[in-house]
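Asker: predicted model follows, preceded by the sequence.
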Amino acid sequence: MKITMDVDCTPEEARRLMGLPDMSSVHEVYLGKIRETIDKGITPDTIETLMRSWSPMGEASMSMWRQVFEQLSGGLTKK
């Protein structure tokens, strides 16, 4: 037996219905830090730090991102 139910609600209503915590204040702080970093200027070290915080696989994931950026920068400088 299969039962399908459609619920028409906003993301906020769905969050409350499922009992998930309200992370909007944490999200705003995080976005504020990213905006501040962008305003100060982005450096390769900054990008690496951001990628490290986003990467679920730790160093293996960082190695992959490093290779991607090296290939992209190499492709731009070679003619």
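Answerer: All right, it came through fine. Residues are numbered from 1 along each chain as shown.

Asker: check the gap between the residue sitting nearest the centre point of the chain and residue 35 for me.
Answerer: Compute the mean C-alpha point of the chain, and by CA atoms, centre = their mean the closest residue is residue 54, 5.6 Å away. Distance, residue 54 to residue 35, by CB to CB, to the nearest Å: 16 Å. Every residue, glycine included, has its C-beta placed from N, CA and C.

Asker: hmm, back to that, measure the residue nearest to the centre of the chain to residue 3 for me?
Answerer: Residue 54 is 38 Å from residue 3, where distance means CB to CB.

Asker: per-residue confidence, residue 56, what does it come out as?
Answerer: With respect to pLDDT, residue 56 scores 67.

Asker: begin at 664 from now on, thanks
Answerer: Taking 664 as the first residue, the last one we looked at is residue 719.

Asker: for the protein, which residues score under the pLDDT cut-off?
Answerer: Scanning the chain for pLDDT under 70 picks out 718-721, 738-742.

Asker: what's the longest helix in this structure?
Answerer: For the chain, the longest helix by residue count, based on DSSP state H, is helix 722-740.

Asker: which other helices and strands does that helix contact?
Answerer: Packing contacts for helix 722-740, counted by 3 or more CB pairs under 8 Å, 6 or more residues apart in numbering; DSSP states H and E, involve helix 707-717.

Asker: and this structure, what are its domain boundaries?
Answerer: The chain breaks down into these domains under automatic domain parsing: 671-704, 705-742.

Asker: give me the angle between the host helix or strand of residue 691 and helix 707-717.
Answerer: Assessed by DSSP states H and E, residue 691 sits inside helix 687-703. Between helix 687-703 and helix 707-717, the angle comes out at 160 degrees (axes from the mean of the first three to the mean of the last three CA atoms, to 10 degrees).

Asker: sounds good, over and out.
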